[in-house]
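Student: mind looking at a prediction? Sequence and model below.
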Amino acid sequence: MNKSANRSLTLFLVFALIVPVLLACGETAAPESGETTDTAETTAVYTIPVEDFDGYTYTFFTVDKSQTKLMNLSFVAESMDGEAVNDALYTRNNRIAERYNIEITEETLNQWNLADAVKRSADAGDDVYNLVSFTLLFMVPQAMGGYYLDLNNIQSLDLSQPYWDNSVNESVTLRNHQYFAAGDISIYYKGNIWVYFFNKKMVNDLSLDDPYDLVNGGRWTADTHMTMTKTAVMDLDGNSVLDDADQWGLVTHSSNYSELVYAFGEDFFVKDENDIPVLSMDTPSFSDVFNTILNLNYSETIQPAAYKNTAYTDIFYNNRSLFMAEILAVAEAMRSIDELEFGIIPLPKYNEAQEHYISSSHPTSHLAAIPVTVCDPERTGLITEALAGESTDTLTEAYYENVVKYKLTRDEESIAMLDLILANCTVDISAGLDIGGVVGEFVSMCSRNADNLQSMLSSRADRVAADIEKHFGTGD
């Protein structure tokens, strides 16, 4: 897991500063149930009211695109340039700008400066941004500090619609508040989903079972994973030492440890009746999963790599690893490698009795939030809803069909796998807080092959309780 989760942000409640500003702002009345204005945009699945906002400027605030080469972080495109996602953004925004008589703009900063800017804006009560989107590692503490609105209280937003990701949104609530939303309005969290890539040539050369057939038959499990990765390992240079020059069963980095926890049906924390995280690492089932992950990692089938050590990707790119575990967006780097034929599958299930394959979007994912300083939440909500709805046939279509399904994958089976992966995806917001340091220590233990899980949990029990109280409190 990305250890930037260990950075802490000291945040203070800002409602006392914000309420006078909200009272001074004009508000757009929320449409009543079933009400539409004179013009309504209708598709097969939704109807979104249309209003004339008289040249209002709607502003996204997000991360500068230079922060990653893997995905397009932008919400706005300045012009058409022939690139599918860019052109989809341009088309979507132009349609909504014309339909609602608004201007759509975007401001960007790097992650750390953006977090500070959100805080300064909120503390000053400035209505500057309509939609904020950056890493959950920073946004979760800010939400608990009072910087974002509960989206469930904005009547012009309807998160039950199909252009919002219900499974992800249900997983990121905090104390029964919906501060964040994922959906078609942005593609970033989809590219951040953890997946397994496999080398088709090696599957054939080693006479292994087709991974697609294994997934479809419910037989892609931890045991199958172990068997296949053991078969793939070869000491190619004959020096009796497994190193970067050899052939491996799986190459990845330390994030795979925590991602396998989710894939195997466990969680580091679960929510109690008050929607507050409660430690769930102290159960027999979690202990079994922990031992299984240790056995997978230390079976001399996996090439260990520190986070951001790119040697493991080079091994896969050069056809010397059966599997690679990484985020989906890494596929873009492979599309130009003609000699590499790869497929995409979900992470394995724990065993065949597990009902679903479970995927998780990495906790560095970017979701959407509306700042508490927005003067007219209903106006912002309606425009946001319209942007999300318009994204389905523009941005999402471009990403799936032109980028993921055709540019980034090499076959129809991977397309079906992506549909399966995206249908069962969650985001673990507790990873953004690393409550009690237990998630980070879990990853460190897996890296060291340390099996003292229970003693680690016992030594951190007081810190876990203190962090839960600090971030969530005990009242409403």
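Tutor: Here it is on my side, so go on.
Student: pLDDT weak spots in this protein?
Tutor: By pLDDT under 70, the weakly predicted segments of the chain are 1-46, 66-71, 298-310, 402-403, 405-410, 432, 474-476.
Student: hey, where'd the strands end up in it?
Tutor: Taking DSSP state E as the test, the strands found in the chain are 40-42, 47-49, 56-63, 102-109, 131-133, 194-199, 248-251, 269-271, 277-279, 302-303, 321-327, 342-345, 359-360, 425-426.
Student: run through who's touching the third one.
Tutor: This means strand 56-63. With C-beta atoms under 8 Å, 6 or more residues apart in numbering as the test, strand 56-63 has contacts from 73-76, 100-111, 114, 117-118, 128-135, 366, 379-380, 383. Yep, even glycine has a C-beta here, placed from its N, CA and C like the rest.
Student: give me the ChimeraX select line for those, limited to the buried ones.
Tutor: Buried residues within those, by 16 or more other C-beta atoms under 10 Å, are selected in ChimeraX with:
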select :73,74,75,76,100,102,104,106,108,109,111,114,117,118,128,129,130,131,132,133,134,135,366,379,380,383
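Student: how about the helices in the stretch 351-476 of the chain?
Tutor: Remark: helices assigned in the stretch 351-476 of the chain by DSSP state H, counting those that start in this stretch are 377-391, 397, 412-423, 430-433, 438-448, 453-459, 461-472.
Student: only alpha carbons, please: show the fifth one as CSV.
Tutor: What follows is helix 438-448, C-alpha atoms only, in CSV (Å, rounded to 0.1, in the frame of the first residue of the first chain):
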residue,chain,number,x,y,z
VAL,A,438,-2.1,-1.4,11.4
VAL,A,439,-2.5,-1.4,7.6
GLY,A,440,0.9,0.0,7.1
GLU,A,441,2.4,-2.5,9.6
PHE,A,442,0.5,-5.3,7.9
VAL,A,443,2.1,-4.5,4.6
SER,A,444,5.5,-4.2,6.3
MET,A,445,5.1,-7.6,8.0
CYS,A,446,4.2,-9.2,4.7
SER,A,447,7.3,-7.7,3.1
ARG,A,448,9.5,-9.1,6.0
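Student: what sits against the spatially most central residue of the chain?
Tutor: Nearest to the geometric centre of the chain sits Ser361, at 3.2 Å (C-alpha atoms, centre = their mean). Ser361 makes contact with 168, 182, 189-190, 192-194, 425-427, according to C-beta under 8 Å, 6+ apart.
Student: and these, which two are furthest apart?
Tutor: Ala182 and Trp194 (15.2 Å; C-beta to C-beta).
Student: quick check: closest non-adjacent residue to Leu395.
Tutor: With sequence-adjacent residues excluded and distances taken as C-beta to C-beta, 6 or more residues apart in numbering, Leu395 is closest to Ala88, at 4.5 Å.
Student: nope, Leu114 is what I meant
Tutor: Leu114's closest residue in space is Phe134 (C-beta to C-beta, 6+ apart), at 5.2 Å.
Student: wait, that neighbour sits on Ala115?
Tutor: Yes. Using C-beta atoms under 8 Å, Phe134 is in contact with Ala115, at 7.1 Å.
Student: quick one, the helix ranked longest in the chain and strand 56-63 angle?
Tutor: Assignment by DSSP state H gives helix 84-100 as the longest helix of the chain. Orientation check (axes from the mean of the first three to the mean of the last three C-alpha atoms, to 10 degrees): helix 84-100 against strand 56-63 gives 150 degrees.
Student: returning to that earlier point: would you turn the contacts of Ser361 into a markdown table with distance to Leu433?
Tutor: A markdown table is the format used below for the contacts of Ser361 (distance: C-beta to C-beta, whole Å):
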| residue | distance to Leu433 |
| --- | --- |
| Val168 | 17 |
| Ala182 | 18 |
| Tyr189 | 18 |
| Lys190 | 23 |
| Asn192 | 18 |
| Ile193 | 21 |
| Trp194 | 19 |
| Cys425 | 20 |
| Thr426 | 16 |
| Val427 | 13 |
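Student: now, among those residues, which is nearest to Phe323?
Tutor: Trp194 (12.5 Å).
Student: run a quick neighbour tally on that closest one.
Tutor: By the measure other C-beta atoms under 10 Å, the count of residues near Trp194 is 24.
Student: again with Arg335
Tutor: Look at Arg335: counted by other C-beta under 10 Å, it has 15 neighbours.
Student: please list all residues in contact with the residue nearest to Leu395.
Tutor: Contacts of Ala88 (C-beta under 8 Å, 6+ apart): 391, 394-395, 397-399.
Student: same thing with Leu347?
Tutor: Leu347 is in contact with 194-196, 259-260, 262-263, 325, 357-359, counting by C-beta under 8 Å, 6+ apart.
Student: one step back: which one of the contacts of Ser361 sits closest to Asp81?
Tutor: Nearest to Asp81 among the contacts of Ser361, with distances taken as C-beta to C-beta, is Lys190, at 21.8 Å.
Student: domain parsing for the protein?
Tutor: Listed by automatic domain parsing, the domain ranges of the chain are 3-191+363-426, 194-360+434-472.
Student: circling back to that earlier point, can you give me the buried ones in the longest helix of the chain?
Tutor: Neighbour-count burial for helix 84-100, counted by 16+ other C-beta under 10 Å, picks out 84-93, 96-97, 99-100.
Student: which two of the residues you listed have the greatest separation?
Tutor: Longest span within the buried residues of helix 84-100, C-beta to C-beta: Ala84 and Tyr100, 24.7 Å.
Student: all helices in the stretch 201-350 of the chain, in order from the N-terminus.
Tutor: Counting by DSSP H, counting those that start in this stretch, the helices of the stretch 201-350 of the chain are 211-216, 222-232, 255-263, 284-297, 311-317, 331-334.
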